[in-house]
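In: I need the structure of the sequence given here:
(2 chains)
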Amino acid sequence: MTDLECVFAGFGGQGVMMMGQLLTYAAGMVEGKKVSYMPSYGPEMRGGTANCTVVIAAESVGSPVVTDPDAAVVMNQPSLEKFEPTVREGGVLIVNSSLIGLKAKRNDIRVVYVPANEIAVELGNDRVANMVALGALVEATEVVKLDSIVESLKKALPPHRHNLIPLNKTALDRGAEIVRRHAKEQVKD
Amino acid sequence: MAEQILMKGNEAIAEAAIRAGCRFFAGYPITPQNEIPEYMAKRLFEVGGTFIQAESEVSAINMVYGAAGAGTRAMTSSSSPGISLKQEGISYMAGAELPALVVNMVRAGPGLGGIQPAQGDYFQATKGGGHGDYRLLVFVPASVQETIDLAGQAFELAERYRNPVMILGDAVLGQMMEPVVLPEPADLAKIPQKTWATTGTGGTRRPNVINSLYLDAELCEKHNYKLQEKYRQMAEREVRYEEIGLDDAEIVLTAYGTSARVAISAMKRARSEGIKVGMIRPITAWPFPYEPFRKTSERVKAFLDIEMSAGQMIEDVRLAVQDRAPIFFFNRMGGMVPTPKAVLEEIRRIDHSVKGDKLGGRLGV
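Out: Next up, the predicted model:
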């Protein structure tokens, strides 16, 4: 496995920190990799653009603060504007196209548009939009197994919320599916 | 092996302190360390301890003075401006020889500064932030696990030397989450008896007095000699550091805390480019690990000190290295964290000029 530095960004309340924590849990606790999670913790937690970074490594994690990530998930437009220019050449950018009308400008990275909120509404719960986006990221980077994220949900959710796990799993799968379809289209092109 | 869990630095330090027997916490809120008092407020109650949100930092440190004087394992935490307010109490505790743990999750300064991570409190922590000739044992951990391990030892060492111990972290260390293994809770019955504590005589012994006031200058000087002897012993026995890749190193990085994590990333990238880079990472800022610097300075080509300050630890590095090798400096301030990329570029530049040095160029800051 190659090491991965990843940024998640969006409005406070979009479940951005949850995405980062689930990936951290899956990589570190379920798969036994070295991992660091670093949230933004300023006034943006009360609205505005919040973000967190996750660094996953086979041996040891150096800097937990990331400036040029291998992958970024942007859930709103300010996050696209802030983080698109930072993604490393050849990296991955997952764009929540439900809330972001703009297209990414870079052509040296892989950009996948995921209508995360629309899919979540279709599944009956707008709040799983973050899981759709996370599913897309995991599929695009292959940094952990999707099953490890599901395993992490069991730990992250209190027992009386475990009835939501199948819904979250479906949301993850739908995100992953978009990335797979995107890959096939790229091959055709 | 004990179970691994995912924990935030601030919560980890609080849990580790409780497991080490901490039963008293007083503090006053300030970002970026609020998870420490928040966690303590909930957990101390569960173990029969006492949590107090004081009306100010000055009050909190003096409550810790009182609790420590009564023999309880006591702790306070804050971030830079709040730690400045506690300095009077810290000096009093050093003078009265009281053990306690003080945590500083450093943010940007001076003044109110900002809430982002910084390392501008190194002088304050290591050279005496309060008045008088005193020292604190200062730990500078670089990961959540190391923070846990050092918090566990902090109380034991504080009691062994009857002196406050500081954990000097920064906002990154407090806010980040990493997988950790927590130690088993300490057996409180096995903590050595504090024969000096003011716990009530029960009419069976002479009263203990805890005080830092000596109006008789001769007695005060004697007290100071006793303290200095204690600091000498601490300097002799408690130095801690990590050496990484020094065997073949031509350029030696040095940094502590979050800067050290950044430096490690830069070191890995530099090594993959064939540049022979090593590192000395202080784990105690006081006593400072002068010896490994002194030793390596005889054979390496240059040092690069990386800090999130205007250059504070570098004064200790200079004391150790003197003019045996050039010392370069790379920093960010005000809440900015250096990037591995920028440090790597600095390493490349130094590597280049070090090789140029063979042709007779002169180096150094």
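In: distance of whatever residue of the stretch 251-365 of chain B ends up closest to chain A from residue A:3?
Out: Closest approach between the stretch 251-365 of chain B and chain A, counting by Cβ to the nearest Cβ: residue B:265, at 2.9 Å. Just so you know, the C-beta spots here come from the backbone N, C-alpha and C atoms, and that holds for glycine as well. Going from residue B:265 to residue A:3 by Cβ to Cβ, to the nearest Å gives 10 Å.
In: Settle it for me: which of the two has more neighbours?
Out: residue B:265 (26 against 18; other Cβ atoms under 10 Å in any protein chain shown).
In: Wait, the more buried one touches residue A:64, no?
Out: No: counting by Cβ atoms under 8 Å, residue B:265 does not reach residue A:64; the two are 9.6 Å apart.
In: that older thread, name the element the residue of the stretch 251-365 of chain B closest to chain A belongs to?
Out: helix B:257-272 (DSSP states H and E).
In: what does chain A put close to chain B?
Out: A:21, A:24-25, A:28-29, A:34-39, A:41-42, A:60-65, A:67-68 (Cβ under 8 Å from any Cβ of the partner chain).
In: related to what we said a few turns ago, next, the contact list for the residue of the stretch 251-365 of chain B closest to chain A, please.
Out: Shown in contact with residue B:265 (Cβ atoms under 8 Å, 6 or more residues apart in numbering or on different chains): A:62-63, B:340, B:343.
In: Repeat the analysis, applying 6 Å as the threshold.
Out: With contact set as Cβ atoms under 6 Å, 6 or more residues apart in numbering or on different chains, residue B:265 has these partners: A:62-63, B:340.
In: Give me the pLDDT for residue 184.
Out: Defaulting to chain A. pLDDT, residue A:184: 90.
In: you looked at the wrong chain, it should be chain B
Out: In this model, residue B:184 carries a pLDDT of 96.
In: burial count for it?
Out: 7.
In: where does it fall, helix, sheet strand or coil?
Out: Look at residue B:184: counting by DSSP: H, G, I helix; E, B strand; the rest coil, its state is coil.
In: So which of the residues of chain A next to chain B are in helices?
Out: Members of the residues of chain A next to chain B lying in helices (criterion: DSSP state H): A:21, A:24-25.
In: ok, so of the residues you listed, who is nearest residue B:259?
Out: Set against residue B:259, the nearest of those by Cβ to Cβ is residue A:24 (22.4 Å).
In: That closest one against residue A:54, yeah?
Out: Yes: using Cβ atoms under 6 Å, residue A:24 is in contact with residue A:54, at 5.2 Å.
In: shared neighbours, those two?
Out: Shared contacts of residue A:24 and residue A:54 (Cβ under 6 Å, 6+ apart): residue A:37.
In: and residue B:353, what is it in contact with?
Out: Contacts for residue B:353 (Cβ under 6 Å, 6+ apart) come out as none.
In: what's the helix or strand for it?
Out: Using DSSP H and E, residue B:353 sits within helix B:340-357.
In: Give the rounded mean pLDDT of that helix.
Out: 91.
In: Same question for stretch B:225-235.
Out: Stretch B:225-235 shows a mean pLDDT of 98.
In: Burial check on residue A:56, number of neighbours?
Out: Applying other Cβ under 10 Å, we find 26 residues neighbouring residue A:56.
In: Enumerate the beta-bridge partners assigned to it.
Out: Going by DSSP bridges, residue A:56 is paired in beta bridges with residue A:4, residue A:35.
In: which residues sit in contact with it?
Out: Each residue near residue A:56 by Cβ under 6 Å, 6+ apart is listed here: A:4, A:27, A:33, A:35, A:143.
In: roughly how far apart are the last one and chain B?
Out: From residue A:143 across to chain B, the span is 16 Å (Cβ to the nearest Cβ, to the nearest Å).
In: Setting aside sequence neighbours, what's the nearest residue to that residue?
Out: Spatially, and ignoring its direct neighbours in sequence, residue A:143 is nearest to residue A:4 (4.6 Å; Cβ to Cβ, 6 or more residues apart in numbering or on different chains).
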